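Peer 1: With the input below, show me the fold.
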Amino acid sequence: MLRKQFVLTLITLAILGAAAVVAIMIAKGYRVSPKEGTIFGTGILSITSTPDQASVYLDGHLTTATNANINSLEPKKYKVRIIKDGFIPWEKEVEVRQGLVSDIKAALFPAIPSVYPLSFNSVSQVVLSPDTQRFVFVVPTSAETENPAQSAKKNGIWVWDMSDRPVTFTRGREPHQILPGNSGIDLTQAVLKWSPDSNQVLVTLPNQYFMLDANRLNDTPRDVTPIIKATLKSWEEEEKLSNTARLEALKDLNVRRTASDSAFLKWSPDETKIVHSKDGKTQFKVTDLIDSKTYDLPEAKSYSWLASSRHLVAVEADKQLDSLVSGKISIVEFDGGNKSVIFAGSLDSNAVISWSDGSRLLIVSSVPTPTGNKPNLFGINLK
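Peer 2: Numbering: from 1, shown residues only. Alright, predicted model coming up:
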């Protein structure tokens, strides 16, 4: 009797153990193929999108909506397409591996982005600061007859801060004037340059140099002509030290050599990637410093980073249109995929700026009307 109870206990434990093993294997994604009589592993796709609740198609079949997991997928490559009304579709081939979760984080951009004016009196010389948190621009003297006092308040050099710094420091996220229009400086010939610390602006004229504090109104600009060589040399040394420190932090010697030899090099905001080009004009590439992978980018005139560090802004220029060019602006994923054209028209190809939180782009463009044909600042919403 005791022997039978012992055997039954062993059988029960064996059954429970087998059931536990099966439960664990199912939890890990393993499935039984009745036709072949085998056990095979599966994978999971975890799909999120911004905005969410977009339709997800796997190999052309509507499967779910973001944000969700798709479980028990046979390990192979799938064509994933994410669609939401009013947004540019996202598409990529993604490999699902046995026992692993493959993450997809798709950013969807508006199919028809809203473009709106940010200035109305014409602008020129739009230059982004080294810390990418603000930009400086010139509002030239208007040819129209104006009250001199009003003209001085409108015209001149302005700084627009995009960061969330204290209001007392930067006067908020609105533009503030740093040089009035009645300063006596001919701004039509001026060339602007930021200091490495993004706190000063150098105004270069044919035979004179002025230094402006970027945080306040400079009623009397400081003439630095006698010390300009020493000033520029110190700025150059400061930039060189900063770049050298960044490059020496790269552990991969091949990546360090590639970065050092590049005529064009920009670090992503989180400093996990670099976009680079050997000649600065063609064959732009992105190197992921975490995964040590390099990706080719579509041909473009220039590239800059969005705040997320997962996307770049590509600018293409076609033909010259007076002071502007006819061109396109696209958003491209850092691996070169999902190129999304968000603007086509007249623009200053050297003045395409990503807002510090990635919510919009700032461009210099114009409208082909008698009152809107001068270059002005425009915003393009990306969300």
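
Peer 1: ranges for the helices of the protein?
Peer 2: Here the chain has its helices, by DSSP state H, at 2-27, 148-154, 167-170, 228-248, 253-261.

Peer 1: Pick out the shakiest of these, pLDDT-wise.
Peer 2: Ranked by mean pLDDT, the helices of the chain end with helix 167-170 at the bottom, a mean of 40.

Peer 1: Report how many residues lie close to residue 243.
Peer 2: A count of nearby residues for residue 243, using other Cβ atoms under 10 Å, gives 14. Where C-beta positions appear, they are placed from N, C-alpha and C, glycine not excepted.

Peer 1: Any figure for the gap between it and residue 58?
Peer 2: 45 Å (Cβ to Cβ, to the nearest Å).

Peer 1: can you check residue 276 too?
Peer 2: For residue 276 relative to residue 58 (Cβ to Cβ), the value is 35 Å.

Peer 1: Of those two, which one has the most company?
Peer 2: A direct count of neighbours by other Cβ under 10 Å for residue 276 and residue 58 places residue 276 higher, at 25 against 18.

Peer 1: Which residue is the nearest non-sequential neighbour of that one?
Peer 2: Leaving out its chain neighbours, the residue that sits closest to residue 276 by Cβ to Cβ, 6 or more residues apart in numbering is residue 262, at 4.0 Å.

Peer 1: wouldn't the one you found be in contact with residue 278 here?
Peer 2: Yes. If you go by Cβ atoms under 8 Å, residue 262 and residue 278 touch, sitting 5.9 Å apart.

Peer 1: So these two - more neighbours on which side?
Peer 2: Between residue 262 and residue 278, residue 262 has the larger neighbour count (other Cβ under 10 Å), namely 19 against 14.

Peer 1: For that one, give me the pLDDT.
Peer 2: pLDDT, residue 262: 95.

Peer 1: can you check residue 363 too?
Peer 2: So, for residue 363, pLDDT stands at 96.

Peer 1: Run a quick neighbour tally on it.
Peer 2: So residue 363, with other Cβ under 10 Å, has 27 neighbours.

Peer 1: doesn't residue 347 make contact with it?
Peer 2: Yes. Counting by Cβ under 8 Å, residue 347 is a contact partner of residue 363 at 5.2 Å.

Peer 1: what sits in contact with each of the two?
Peer 2: residue 329 (Cβ atoms under 8 Å, 6 or more residues apart in numbering).

Peer 1: Look up which residues are beta-bridged to the closest residue to residue 218 other than its chain neighbours.
Peer 2: Distances taken as Cβ to Cβ, 6+ apart place residue 212 nearest to residue 218, at 4.7 Å, with adjacent residues excluded. As for beta bridges, residue 212 partners with residue 201 under DSSP bridges.

Peer 1: what's the spacing between residue 212 and residue 157?
Peer 2: 7 Å.

Peer 1: can you check residue 134 too?
Peer 2: Counting by Cβ to Cβ, the gap from residue 134 to residue 157 is 13 Å.

Peer 1: which one of these two has more residues nearby?
Peer 2: Between residue 134 and residue 157, residue 157 has the larger neighbour count (other Cβ under 10 Å), namely 27 against 24.

Peer 1: Might you report the residue contacts of the more buried one?
Peer 2: With Cβ under 8 Å, 6+ apart, residue 157 has these contacts: 136-139, 177-179, 187, 190, 192, 201, 203, 212.

Peer 1: Could you rerun that using 10 Å?
Peer 2: By Cβ atoms under 10 Å, 6 or more residues apart in numbering, the residues touching residue 157 are 125, 136-139, 177-181, 183, 185, 187, 190, 192, 201, 203, 210, 212, 214, 217-218, 221.
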